[in-house]
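Asks: What follows is a protein structure lacking sequence information:
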């Protein structure tokens, strides 16, 4: 579902990436700049609690138009098939949808070793694509649950130059929503952290996001400081959870355009820092359709 404000770009490279990991089948979608520009850095795009869907592919395309290789990854696989990831328009089906999506999420974010190993597999798959410059540590961005995922990537030591969390939680396995959805509380399977202190973390947070209380922020700051990880926490005024998600996603979409615009610009500034030799193309609108100054 390409953004209507974007001009045609027939030279963009597109590819599906599929693999089997621990008896589950995964399918992601890669969008890269034209082959003529040569290999470019990889940016993983990680979905919210719904799973991989059109919006994440739109974000990957936005990144490709800017000048990077965007890879929208799938963390659910067969646990929540692609046809079941769009928010229902029938209100009577919302509860069952929320239960199914939270079950898929909890099954992963309560098993740190599996979570991080799957992220590493996606990173390896992306780096192996010919459009990617595998000599440069890539990046990862994530929305909501995907924001949790990029932080777990840092805790797991993945070789990433920078990560950006958009309205994500700061600690794994603490979202109270699964209990409200009737999802079983699974025991957390912990594992040893192996922080990558060479990764810079940008947190783009809504000041009115009730899922990120002040105590959670303080724990995150202390954790990353103790691990020697460089971080930047941008707290956006009068902004709710889900601020970067377009209304086309249904219920989860709480687009706050000024915050989406500023957080996108923060992301681009980080990429200019960690990919200094890669020029950024001006693209007037991001993956949510929000205008971006060029």
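Replies: Cool, the structure landed. What you see is a predicted model, and the numbers here were worked out from it, not measured in a lab.
Asks: wait, doesn't residue 245 sit right on residue 143?
Replies: Yes: using C-beta atoms under 8 Å, residue 245 is in contact with residue 143, at 6.4 Å. Heads up, the C-betas are built off the backbone N, CA and C, glycines and all.
Asks: after the helix or strand residue 232 falls within comes which helix or strand?
Replies: Taking DSSP states H and E as the criterion, residue 232 maps to strand 230-236. For strand 230-236, the following helix or strand on the C-terminal side (DSSP H and E) is helix 257-274.
Asks: and that next one, what other elements does it pack with?
Replies: Other helices and strands packing on helix 257-274, by 3 or more C-beta pairs under 8 Å, 6 or more residues apart in numbering; DSSP states H and E, are strand 138-143, strand 160-166, strand 200-206, strand 230-236.
Asks: Kindly recompute the last result at 10 Å.
Replies: The contact analysis (3 or more C-beta pairs under 10 Å, 6 or more residues apart in numbering; DSSP states H and E) places helix 257-274 against helix 54-66, strand 138-143, strand 160-166, strand 200-206, strand 230-236.
Asks: Out of the ones you listed, which one sits most buried?
Replies: By mean neighbour count, with neighbours taken as mean count of other C-beta atoms under 10 Å, strand 138-143 ranks first of the helices and strands packed on helix 257-274 at a mean of 29.
Asks: so what strands line up beside that strand?
Replies: Sheet pairing of strand 138-143 (DSSP bridges) gives strand 42-46 (parallel), strand 160-166 (parallel).
Asks: what's the offset of the strand holding residue 232 from the middle of its chain?
Replies: In terms of C-alpha atoms, centre = their mean, to the nearest Å, the centre of strand 230-236 is found 16 Å from the chain centre.
Asks: Use 565 as the first number from now on
Replies: Okay, residue one is now 565; in that scheme the one you just asked about reads as strand 794-800.
Asks: partners of it in the sheet?
Replies: Strand 794-800 pairs in its sheet with strand 764-770 (parallel), by DSSP bridges.
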